[in-house]
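Novice: I need the structure of the sequence given here:
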Amino acid sequence: MSTVKLSDEENYAILAEQFGEGISSLGATDQRRVVKRLYTVLDSSNPQYYIYETVEGCDELQVIREGDSLRIYCRLVMGIPQNNKHYNVLFAFYVDTHDYESKTLSHLDEAAEQWLEEITEFSAVTDVDAYLQTHDAKTPEFFADRLDR
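Specialist: Residues are numbered from 1 along each chain as shown. Below you'll find the predicted structure:
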């Protein structure tokens, strides 16, 4: 039996500096859980399935849930570039336990807004390729490699 993908879009993740800070504050077990969740999302032909909720007051900020306690604050941009839906890009902005104060998550910072604006304006695959390279975008294999260690 073979598996047929629902689409041929490639999935990538771009990790914000704050994401790195957040994951480094977690214990090893929780870090592994987050890496595994990111791998699962990016390896999926249906990554939007993993979006759990949006943050009240900030429709741009989405949440991926990992268990009862971990949350990955992100934005999934589907089907870019506009006319050639070749990529899905997950911007991972922050990860933390679920004991946050919702008022601190009410907006995206200026850099995050700029990232989202730039990537949605591209009309050619080569532009997106360059953008992904510039922002050190991660593939599902990157996260799988971290899990194998």
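Novice: next, the buried residues of stretch 119-127.
Specialist: With burial defined by 16 or more other Cβ atoms under 10 Å, the residues of stretch 119-127 counted as buried are 119, 122. (C-beta placed from N, C-alpha, C; glycine too.)
Novice: distance from the chain centre to that stretch, please.
Specialist: Relative to the centre of its chain, stretch 119-127 is centred 18 Å away, using Cα atoms, centre = their mean, to the nearest Å.
Novice: with just CA atoms, put that stretch into CSV.
Specialist: Extracted in CSV, the C-alpha atoms of stretch 119-127 (Å, rounded to 0.1, in the frame of the first residue of the first chain):
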residue,chain,number,x,y,z
ILE,A,119,5.8,36.6,2.6
THR,A,120,2.2,37.1,1.5
GLU,A,121,3.3,39.7,-1.1
PHE,A,122,5.5,37.3,-3.1
SER,A,123,4.2,36.1,-6.5
ALA,A,124,7.1,33.9,-7.6
VAL,A,125,8.5,30.7,-6.2
THR,A,126,12.0,32.0,-6.5
ASP,A,127,11.2,34.9,-4.3
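Novice: now do that stretch: everything it contacts.
Specialist: With contacts defined as Cβ atoms under 8 Å, 6 or more residues apart in numbering, stretch 119-127 is touched by 77, 80-84, 86-87, 89, 128, 131.
Novice: quick one: which of these is most hemmed in?
Specialist: Greatest neighbour count in those, by other Cβ atoms under 10 Å, goes to residue 89: 26 neighbours.
Novice: bridged to that residue, which residues?
Specialist: Here residue 89 sits in beta bridges with residue 12, residue 77, going by DSSP bridges.
Novice: next one: the closest residue to residue 43 other than its chain neighbours from residue 28, what distance?
Specialist: Nearest residue to residue 43, sequence neighbours excluded (Cβ to Cβ, 6 or more residues apart in numbering): residue 140, at 4.2 Å. Using Cβ to Cβ, to the nearest Å, residue 140 is found at 21 Å from residue 28.
Novice: so if I had to pick from those two, which one is more boxed in?
Specialist: residue 140 (19 against 7).
Novice: pretty sure the more buried one contacts residue 37?
Specialist: No - counting by Cβ atoms under 8 Å, residue 140 stays clear of residue 37, with 11.8 Å between them.
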